[in-house]
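Novice: Predicted model, plus sequence, below.
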Amino acid sequence: MAEIVIHNLRKDFGDFTAVRSSSFKIADGEFFMLLGPSGCGKTTTLRMIAGLELPTSGEIFIDGEEVGQKPASQRDIAFVFQMFALYPHMNVRKNISYPLVSQGMPRAEIREKVAEVARILGIESIIDRPVGGLSGGDRQRVALGRAIVRNPKCFLMDEPLGALDAEFRERMAEELRALHDRMGATTVYVTHDQLEAMQMGDKIVVMNHGAIEQFGTPRDIYDKPATMFVADFIGSPSMNFLKFHGSLEAGATEVRLHHQTLGVPVLREPFDGDMVYGVRPEHVRLSDAAGYRGEVIATEYLGTTQIVTLKSPNGEVKARIASDQVARVGETVGLDFNSATVTLFDDQSGRAIR
Ligand code: ATP
């Protein structure tokens with residue numbers, strides 16, 4: 001197992017900066033997600049941890065040892081690329097044994113290790129089958145088997161479930177997480193899928209344009225987004241943003257939007273200027289008693305809940321409400337916001353005001 005510390009890591013490709021001044025810590029045994037949109041620098045970060053790309057500056061510590069400029073072969077790490085990268089002409093056993101054979105491990109020991117891995121992954125019954133004819137799920141398991149058989153300190157995975165359809169993806173995500181819980185090896189996992197990150201991760205780093213927007217547990221990131229980018233990227237539908245202008249004192253618990261008073265969590269610092277009132281759809285209720293009003297412009301039925309889209313004086317609002325509650329397009333209703341869950345943002349910097 002391994003603790004990984006990233007300090008001021010930077011990667012330039014010519015005059016383009018792919019990763020700028022990243023710092024974070026991955027605890028021993030953690031399932032750690034690097035999350036962000038395409039091109040934000042997550043793969044480059046992972047490749048630097050693996051030793052497949054050398055940092056322009058900054059340090060990478062694995063168990064206290066600085067390895068930033070060391071080649072991949074000198075870091076005890078297994079990189080799981082696309083899980084389908086198997087040798088199709090070999091059977092399952094040979095695919096899984098391959099890393100040990102190339103290390104020159106004695107045959108009897110290899111047999112034992114492969115048997116153990118097959119048991120962990122539940123693929124004993126297909127061990128002598130050629131991988132060419134296997135289902136997608138079994139191939140994923142074999143690819144994983146090949147990564148875990150070396151018993152590395154750490155696993156690095158780059159969108160391993162990217163090629164799978166939705167239903168299957170969810171099942172493999174659960175299996176991967178369960179496997180991690182059994183083995184306990186530190187895992188760094190790249191994804192652009194916020195649901196996957198929330199579902200599997202102990203900790204998440206959210207990246208954007210090469211920089212870290214936020215680092216924390218899934219709950220921290222969902223409930224206390226540090227920036228509008230994070231609030232928008234995590235959650236579906238994403239957080240509602242209502243723009244307004246105001247002047248707030250430290251200790252304030254209310255804001256004024258379109259002549260109505262709305263609650264906010266206690267503000268620590270004063271703020272004056274353009275702000276954004278951020279509230280998640282599940283924290284919006286339709287209530288006749290509420291003074292802040294919006295017109296229903298669309299409803300989307302989702303089974304147990306529905307998403308109601310409303311036009312409010314400060315922008316569009318989506319509310320996730322029970323599907324048996326009546327909301328008719330064209331009617332004007334009161335909007336009640338759960339103030340304890342609200343995040344205020346500085347509209348200019350996009351950062352949360354706390
Ligand atoms: P994706 O999910 O699309 O792979 P990502 O967040 O993993 O996105 P990276 O692959 O890390 O992003 O790439 C970050 C940026 O760096 C991109 O703009 C990419 O074009 C650029 N980049 C990556 N590798 C190189 C390279 N070898 N030379 C030049 N630019 C590169």
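Specialist: Received the coordinates, thanks.
Novice: quick one: low-confidence parts of this protein?
Specialist: Across the chain, the ranges flagged by pLDDT under 70 are 1, 81-84, 163.
Novice: what do you get if the cut-off is 80, keeping everything else the same?
Specialist: Where the chain drops to pLDDT under 80, the residues are 1, 76, 78-85, 136, 162-168, 171.
Novice: what does the lengthiest helix in the chain contact?
Specialist: As assigned by DSSP state H, the longest helix anywhere in the chain is helix 166-183. Contacts with helix 166-183, where a contact means CB atoms under 8 Å, 6 or more residues apart in numbering, come from 31, 120-121, 136-137, 140-141, 144, 148, 160-161, 164, 187, 196, 199-200. Any C-beta I mention is one placed from the backbone N, CA and C, and that applies to glycine too.
Novice: Also within reach of the ligand: list those from those residues.
Specialist: Near the ligand, judged by CB under 6 Å from any ligand atom, there are no entries from those.
Novice: wait, which of these is closest to residue 97?
Specialist: Residue 97 has its nearest neighbour among the contacts of helix 166-183 in residue 148, at 12.6 Å by CB to CB.
Novice: which residue sits closest to residue 331 in space, ignoring its chain neighbours?
Specialist: Computed as CB to CB, 6 or more residues apart in numbering, the closest residue to residue 331 that is not its neighbour in sequence is residue 296, at 5.5 Å.
Novice: For the one you found, which three-state class applies?
Specialist: For residue 296, the assignment made with DSSP: H, G, I helix; E, B strand; the rest coil gives strand.
Novice: okay, now it: neighbour count?
Specialist: Per other CB atoms under 10 Å, the neighbour tally for residue 296 reads 18.
Novice: Please apply the same query to residue 164.
Specialist: A count of neighbours around residue 164, defined by other CB under 10 Å, yields 18.
Novice: Hmm, it is touching residue 136, no?
Specialist: Yes - in this structure, residue 164 is within contact of residue 136 by CB atoms under 8 Å, at 6.4 Å.
Novice: In contact with the one residue in the stretch 151-300 of the chain that gets nearest to the ligand, which residues?
Specialist: The nearest approach of the stretch 151-300 of the chain to the ligand comes at residue 192, 5.3 Å away (CB to the nearest ligand atom). By CB under 8 Å, 6+ apart, residue 192 lies in contact with 35, 36, 37, 38, 42, 159.
Novice: circling back to that earlier point, pull out the buried positions in the longest helix of the chain.
Specialist: Neighbour counts over helix 166-183 (16 or more other CB atoms under 10 Å) mark 169, 172, 173, 175, 176, 177, 179, 180 as buried.
Novice: For these, could you give me a markdown table that also reports distance to residue 19?
Specialist: As requested, the buried residues of helix 166-183 are exported to a markdown table (distance: CB to CB, whole Å):
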| residue | distance to residue 19 |
| --- | --- |
| 169 | 27 |
| 172 | 28 |
| 173 | 26 |
| 175 | 30 |
| 176 | 25 |
| 177 | 27 |
| 179 | 29 |
| 180 | 25 |
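Novice: Residue 132: which of these is nearest?
Specialist: Within the buried residues of helix 166-183, the smallest distance to residue 132 is 19.9 Å, found for residue 172 (CB to CB).
Novice: quick one: residue 125 is in a helix?
Specialist: Yes - counting by three-state DSSP, residue 125 is found in a helix.
Novice: how near is it to residue 147?
Specialist: As judged by CB to CB, to the nearest Å, residue 125 and residue 147 stand 21 Å apart.
Novice: same thing with residue 85?
Specialist: 10 Å.
Novice: Please say which of those two ends up with more neighbours.
Specialist: Comparing residue 85 with residue 147 by other CB under 10 Å, the one with more neighbours is residue 147, at 22 against 10.
Novice: Kindly confirm my reading that the more buried one forms part of a strand.
Specialist: No - assignment of residue 147 by three-state DSSP gives helix, placing it outside any strand.
Novice: Who are the contact partners of it?
Specialist: Counting by CB under 8 Å, 6+ apart, residue 147 makes contact with 78, 79, 80, 155.
Novice: As TSV, those residues with neighbour count and secondary structure would be great.
Specialist: Formatted as TSV, the contacts of residue 147 follow (neighbours: other CB atoms under 10 Å; DSSP: H, G, I helix; E, B strand; the rest coil):
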residue	neighbour count	secondary structure
78	21	strand
79	20	strand
80	20	strand
155	24	strand
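Novice: and of the residues you listed, the nearest to residue 210?
Specialist: residue 79 (21.3 Å).
Novice: Pull out the buried members of the contacts of helix 166-183.
Specialist: Neighbour counting with 16+ other CB under 10 Å marks 31, 120-121, 140-141, 144, 148, 160-161, 164, 187, 196, 200 as buried within these.
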